[in-house]
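Trainee: Below are the sequence and a predicted model; questions follow.
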Amino acid sequence: MRRAIVFDLDGTLIDSAPDIHRAVNAVLAGEGPGRVGFEQLRGFIGNGAAVLIRRVIAALGLPGDEATQDRLLEAFLRRYEQAPELTTLYPGMRAALDGLLRDGFTLGLCTNKPIAPTRVVMDHFGLTPLFSALIGGDSLPQRKPDPAPLRAVMDRLGVTTCLYVGDSEVDAETAERAGVPFALFTQGYRKSPVEAVPHARAFDHFDALPGIVADLFAAGATG
């Protein structure tokens, strides 16, 4: 039976907040003196680009009409779809993924990031060949925490269950609604205390992930 692990992207595999922060403030440079602080911006990540821009608009008191939202979103995506310069991989992540593949696991990606910048950053870091299925925030009408994107990844992988690995409340809810176990990476963009986020296991470094995966699959937690 095929064994699958599906990952979130931002805050889980990559720390993209610096590039997102720079792109947002570059767009805001044409809107007046307001700027978004880095930690404030980190708190806006997780529900997709459109929600990110709406949160920025609300935080700065900019006009919230649909035309303004669409204009700023388009400008943000144009900048953000360029090759990442400040984004980094979390320590130990690549080695952990390589090890999981050697152990026979199939990997998928389920993110709320739009698919175009997802592919840019995945290609930039050489991660694309590791994954057998990718779903972005605009691949379907639904976005996380709706379970449809995660289920779509599982369908493409040919499995009925998986382990989902993410960093946020959105990811935890997605896994819960899809009926799959969730492993929480605690160094990402989570807003709540670890104990407030439902999870089967939590880890703060990717060196720990292979052991967690082995334990959960051995215990039958993934079905």
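Mentor: Here it is on my side, so go on. Numbers count the residues shown, from 1 in each chain.
Trainee: Report the residue ranges of every domain in the chain.
Mentor: Under automatic domain parsing, the residue ranges defining each domain of the chain are 4-15+87-218, 17-80.
Trainee: and those, which one's lowest on average pLDDT?
Mentor: Taking each of the domains of the chain in turn, the lowest mean pLDDT turns up on domain 17-80, with a mean of 94.
Trainee: hang on, the earlier thing: JSON lines please, covering the domains of the chain and showing mean neighbour count.
Mentor: C-betas here are computed from N, CA, C, even on glycine. Putting the domains of the chain into JSON lines (neighbours: other Cβ atoms under 10 Å) gives the following:
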{"stretch": "domain 4-15+87-218", "mean neighbour count": "19"}
{"stretch": "domain 17-80", "mean neighbour count": "17"}
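Trainee: what about residue 75, helix or strand, and which?
Mentor: Mapping residue 75 onto the secondary structure by DSSP states H and E places it in helix 66-80.
Trainee: How about the contacts made by the residue nearest to residue 153 when sequence neighbours are not counted?
Mentor: Taking Cβ to Cβ, 6 or more residues apart in numbering as the measure, residue 153 lies nearest to residue 108, with 4.2 Å between them; neighbours along the chain are not counted. The neighbourhood of residue 108, defined by Cβ atoms under 8 Å, 6 or more residues apart in numbering, consists of 4-7, 131-135, 153-154, 156-157, 162.
Trainee: can you give me the strands in this protein?
Mentor: Assigned by DSSP state E, the strands in the chain fall at 4-7, 14-15, 88-89, 106-110, 133-135, 163-166, 182-185, 201-203.
Trainee: for the last one, the distance to its chain's centre please.
Mentor: In this case it means strand 201-203. Centroid separation between strand 201-203 and its chain, computed with Cα atoms, centre = their mean, to the nearest Å, is 16 Å.
Trainee: Same check on the fifth one?
Mentor: In this view, strand 133-135 has its centroid 12 Å away from the chain centroid, taken as Cα atoms, centre = their mean.
Trainee: For it, which strands pair with it and how are they oriented?
Mentor: According to DSSP bridges, strand 133-135 forms sheet pairs with strand 106-110 (parallel).
Trainee: next one: the strand it pairs with to chain centre, how far?
Mentor: What separates the centre of strand 106-110 from the centre of its chain is 12 Å, taken as Cα atoms, centre = their mean.
Trainee: Against which helices or strands is the helix holding residue 75 packed?
Mentor: Packing partners of helix 66-80 (3 or more Cβ pairs under 8 Å, 6 or more residues apart in numbering; DSSP states H and E): helix 17-28, helix 49-60, helix 115-124.
Trainee: what sits up against that helix?
Mentor: For helix 66-80, the external contacting residues (Cβ under 8 Å, 6+ apart) are 19-20, 23-24, 26-27, 30-31, 49-50, 52-54, 56-57, 62, 114, 116-117.
Trainee: Likewise for stretch 193-206?
Mentor: Where contact means Cβ under 8 Å, 6+ apart, the residues beyond stretch 193-206 that reach it are 90-93, 95-96, 168-169, 172, 176, 181-187, 190, 209, 212, 215-216, 221.
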